[in-house]
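Colleague: Mind folding the following:
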Amino acid sequence: MNDNSKASIHTDSTSSDDSAEATESQQQAPQSPLFSETPIWRGTGVRVTALAVPTTFLAAGEVAPTNPSGDDAGDIVGTILGGLADGVGSVFSAQPLLATGLTVGLAGAGYMYVKTNVDFGRETDGFADRKRLKKQMTRGPLVKKRKILRPSLKDVPARKVPTNAVGFYIGRDRKTGLHLYAAIEESSLMLAPMGAGKTAKLGNWLLDAVGAVLATSTKYDIVELTEAIRARVGNILIWNPEGLADRQSNIAWDPVIGCSDPKLGIERSKRRAKSLLEGSDATKGMENRNFWTSSSYRVLKAFLWAADVEGLTLMDVARWSKQPHRYEAIKIFEKHSDIAPPGWQDDLEQQQKVDGKTTTLENVFGTLSQTFMFLDSPDIQQVILSAHRPGAQFDTDAYLRSRDTLYMLGNDSDVGGMGPLFTCLTSEVYAGARTMASRSRGGRLDPPMTFVLDEAALICSVPLQRWTADSRGIGITIHAVFQSPAQIYERYGKYAYQTIWENCIKLILGGLSNVEHLEDLSKLTGTKRVKQESQSESNSGGVNGTSNRSSSYTWVEKPTMTISDIMYLDPGQILMFRKYIGGPVIATYTPVWDRKDVKNVVRDNKRAAKAELKARKRKLATVPAAPEASPWVDAPVPDVWGPQPEEPWAPPVPAAEASPWTSDPAASGWSTGGFPGPRDHLRVVPGEVIEPTVAQPLPEMPSFEPTAHLVPEQPTPVEEPTAKAEPEQLRDTGTAGPNKPTGSAGPTRSTRRRRDADDLGAF
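Modeller: As a prediction, the model looks like this:
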């Protein structure tokens with residue numbers, strides 16, 4: 001594929017379309033903190049004009065002759081042109097090289113401007129031309145439609161309206177360099193095989209949404225990439241019954257609750273019964289699911305009403321669906337016959353009690369039992385039961401009035417998947433949004449509601465063939481993502497697939513490998529004119545004949561994009577098909593993790609984590625260490641003073657008192673010795689409070705000295721010997737000298753020598 005066009009800088013600007021906007025310049029549009037709008041005065045032509053016009057008139061005023069009459073306007077123009085010519089001539093004469101360089105630079109700039117703004121190849125390359133793209137998918141046309149798309153912005157000047165308030169970003173056109181947007185009333189269908197980078201694009205749509213967002217996915221990465229920024233504008237709601245990535249749900253919901261409401265119960269029962277069956281694997285691929293599931297639908301809507309009027313749960317409905325001959329629901333209808341919907345009891349009796357329809361009965365209840373296979377998981381049962389706590393049921397109306405983000409996460413399971421429950425909750429939110437839009441100004445939600453349905457065919461098979469046609473005029477934007485066209489066909493059937501394909505903007509990522517699908521997409525890209533060279537050779541006769549070779553060129557029609565061109569799209573590129581633009585578009589987009597605001601949030605989170613870690617370490621360093629236990633708690637108190645004479649009239653030594661806080665003195669930790677003990681006695685120990693005993697008064701001390709014999713005799717202290725004990729006396733060998741008495745301190749050197757000799761002589 002030959003692509004001679006190059007990307008250029010986006011320089012288009014939007015002007016005010018109403019004269020009344022000049023008087024309303026003080027009004028401000030609601031700015032989204034998730035989106036930074038490019039200033040409106042961003043075109044190079046505007047800046048050059050703003051500088052060139054005043055400079056020209058100033059120069060003309062300096063050289064223009066005075067004309068008091070002011071009647072000849074042509075003299076002013078002639079003076080201006082003459083002054084410019086004289087100035088250019090003087091510049092060339094003074095600085096010839098500089099003037100030549102400026103002239104060449106201006107000529108090159110003019111050439112690039114013409115090349116990027118005038119599409120000379122629109123008749124040959126097959127892609128959408130600049131004129132149509134600028135008219136259909138740029139900022140200017142979208143902002144002009146703000147009175148229809150966003151009734152609340154009709155009085156706000158165009159220059160103050162952010163683009164994401166009225167549209168969602170597609171990407172930058174590879175051919176023209178224009179930034180392309182689609183209106184918020186349009187729905188998109190993305191074909192993205194595994195690993196093609198769909199999360200990188202879906203994350204941008206979540207971050208730029210100005211209202212409430214509902215996002216479904218089989219992976220947790222979409223939450224990690226967008227949760228921090230979406231938390232700045234609203235609450236983060238998690239519906240994760242299977243505990244994906246160990247993230248617990250913070251909302252609870254049971255389809256049974258509210259089905260017996262006197263005003264809205266009948267509609268809720270019908271809508272939720274239909275949604276549960278649409279999300280079931282038992283209805284996959286049916287061309288007319290409403291016809292084949294009509295019997296199951298009549299039974300299920302009655303089950304939901306009966307369970308709610310008796311205060312039961314969805315587990316009871318699943319139990320009834322597995323027991324066709326159990327008539328518990330019929331008995332509930334008989335009990336509440338005064339308020340029961342008319343005819344619903346007859347539907348149950350017709351399916352369960354009428355004989356001769358064994359096959360039909362098995363098919364009806366077989367479909368219902370397969371629908372509720374997801375309730376086999378204890379975790380999902382617990383989530384359903386938690387919704388029956390007071391005030392725990394998810395409030396859809398409050399959610400739609402907010403800017404909260406609801407993430408619905410579930411595994412892709414072939415058998416017993418979460419599809420019915422996910423489809424039912426998503427349909428309930430859509431029904432609430434549709435009702436709220438009908439009561440809003442202009443019949444639209446303002447701000448709009450956004451649905452990002454990743455893996456819609458696996459876990460959230462809502463009726464897109466109806467939603468994509470109905471949501472256009474009520475302020476709901478739908479982004480549905482599938483892995484291939486075959487997945488849509490398998491889930492919805494042939495005709496529903498065709499309707500979905502017609503109603504949406506088609507966005508194709510690289511990586512598709514099915515030849516049949518690629519051929520269909522290649523045909524949608526159209527054809528282009530390519531110059532093809534043909535050569536011919538002729539020989540002249542005779543001995544000295546010569547050969548002549550000639551070349552000619554012809555224009556041929558070839559596919560704008562071949563199969564290989566679509567399959568091998570680079571990462572970050574997206575192929576778009578949309579009506580009224582005259583051809584396909586290849587746009588480039590920035591992955592969500594490369595966005596500046598996402599990087600800033602990641603950086604701030606890292607800084608906050610480091611600061612918290614430092615603060616924790618600093619706090620641990622400043623906390624004093626716990627006091628060590630006293631070594632005197634269990635050790636006996638030594639008597640360092642010895643026995644003291646007893647004074648008969650001295651007050652007795654106070655005994656150890658019991659703690660006033662407990663009946664167990666040992667539990668208080670009090671120390672009664674002469675050395676300080678631990679301070680554990682300050683803690684409060686629960687126990688029985690004992691009143692302290694009143695001490696007995698001491699006898700009065702007499703005024704005379706006591707008689708000597710009345711004073712007990714004190715024992716006389718025994719003095720300890722200070723001399724060292726004599727060593728053991730050795731046996732006398734008769735060798736002691738006359739001057740050495742027996743029992744002296746010890747033998748001399750000569751004595752030891754003689755003793756050793758005597759001992760040896762004995763042997």
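Colleague: how close does G195 get to G203?
Modeller: 16 Å (C-beta to C-beta, to the nearest Å). Placement of C-beta: from N, CA and C, glycine included.
Colleague: out of the two, which sits in the busier spot?
Modeller: G203 (23 against 9; other C-beta atoms under 10 Å).
Colleague: Name the SS class of that one, please.
Modeller: Secondary structure, DSSP: H, G, I helix; E, B strand; the rest coil: G203 is helix.
Colleague: Now for the nearest residue to it once chain neighbours are set aside, how many residues are close by?
Modeller: Distances taken as C-beta to C-beta, 6 or more residues apart in numbering place V592 nearest to G203, at 3.0 Å, with adjacent residues excluded. For V592, the tally of surrounding residues (other C-beta under 10 Å) stands at 22.
Colleague: Enumerate every residue touching V592.
Modeller: Contact analysis of V592 by C-beta atoms under 8 Å, 6 or more residues apart in numbering lists 199-204, 207, 225-226, 598.
Colleague: From those, pick the one nearest Q532.
Modeller: Nearest to Q532 among the contacts of V592: K201, at 37.2 Å, using C-beta to C-beta.
Colleague: So what does E186 look like in phi/psi?
Modeller: Phi and psi for E186, reported as degrees, to the nearest 10, are phi -90, psi 150.
Colleague: how far away is it from G416?
Modeller: 36 Å.
Colleague: With neighbour numbers in mind, choose between those two.
Modeller: More crowded of E186 and G416, by other C-beta under 10 Å: E186, with 18 against 15.
Colleague: Quick check, D379 in contact with E242.
Modeller: Yes: with contact defined as C-beta atoms under 8 Å, D379 reaches E242; the gap is 6.1 Å.
Colleague: Give the residue from these two that has the larger number of neighbours.
Modeller: E242 (16 against 13).
Colleague: Correct me if wrong: the more buried one contacts P378.
Modeller: No: the pair E242 and P378 fails to qualify as a contact (C-beta under 8 Å) at a distance of 10.9 Å.
Colleague: Can you mark which positions in stretch 81-99 are buried?
Modeller: 83, 99 (16 or more other C-beta atoms under 10 Å).
Colleague: Which one (most neighbours) among the contacts of V592?
Modeller: Busiest of the contacts of V592 [other C-beta under 10 Å] is T226, holding 28 neighbours.
Colleague: export the contacts of V592 to CSV and tack on distance to K579 and pLDDT?
Modeller: Formatted as CSV, these follow (distance: C-beta to C-beta, whole Å; pLDDT from 0 to 100):
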residue, distance to K579, pLDDT
T199, 28, 92
A200, 26, 92
K201, 21, 93
L202, 23, 92
G203, 27, 93
N204, 23, 94
L207, 27, 94
L225, 32, 92
T226, 30, 94
V598, 33, 89
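Colleague: The closest residue to Y220 other than its chain neighbours in helix, strand or coil?
Modeller: Excluding the flanking residues, the one nearest Y220 by C-beta to C-beta, 6+ apart is A245, at 3.8 Å. Look at A245: counting by three-state DSSP, its state is helix.
Colleague: what does the one 3 residues further on give?
Modeller: Using three-state DSSP, the three-state assignment for Q248 comes out as coil.
Colleague: what ranges do the strands span in this protein?
Modeller: 167-173, 179-183, 188-191, 213-217, 236-239, 405-409, 449-453, 476-482, 505-508, 527-539, 547-559, 573-577, 585-588 (DSSP state E).
Colleague: Each with direction, which strands does the last one pair with?
Modeller: Yep, that's strand 585-588 we're talking about. Strand 585-588 sits in its sheet next to strand 167-173 (antiparallel), strand 573-577 (antiparallel), going by DSSP bridges.
Colleague: Put together TSV for these, with mean pLDDT on each row.
Modeller: Converted to TSV, the strands paired with strand 585-588 look like this (pLDDT from 0 to 100):
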stretch	mean pLDDT
strand 167-173	95
strand 573-577	96
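Colleague: average model confidence for stretch 352-360?
Modeller: Averaging pLDDT along stretch 352-360 gives 68.
Colleague: measure it end to end?
Modeller: 10 Å (C-alpha to C-alpha, to the nearest Å).
Colleague: again, but for stretch 314-331
Modeller: Rule used - C-alpha to C-alpha; the end-to-end distance of stretch 314-331 is 18 Å.
Colleague: circling back: relative to P342, which of the strands paired with strand 585-588 is closest?
Modeller: strand 167-173 (45.8 Å).
Colleague: Touching, A340 and D308? I think so.
Modeller: No: at 11.8 Å, A340 does not count as touching D308 under the criterion of C-beta under 8 Å.
Colleague: Can you pick out the residue with more neighbours from those two?
Modeller: Using other C-beta under 10 Å as the criterion, A340 and D308 rank with D308 on top: 23 against 18.
Colleague: Which strands and helices lie in contact with the longest helix along the chain?
Modeller: Secondary structure assigned by DSSP state H gives helix 596-622 as the longest helix of the chain. Applying 3 or more C-beta pairs under 8 Å, 6 or more residues apart in numbering; DSSP states H and E, one finds that helix 596-622 contacts helix 221-230.
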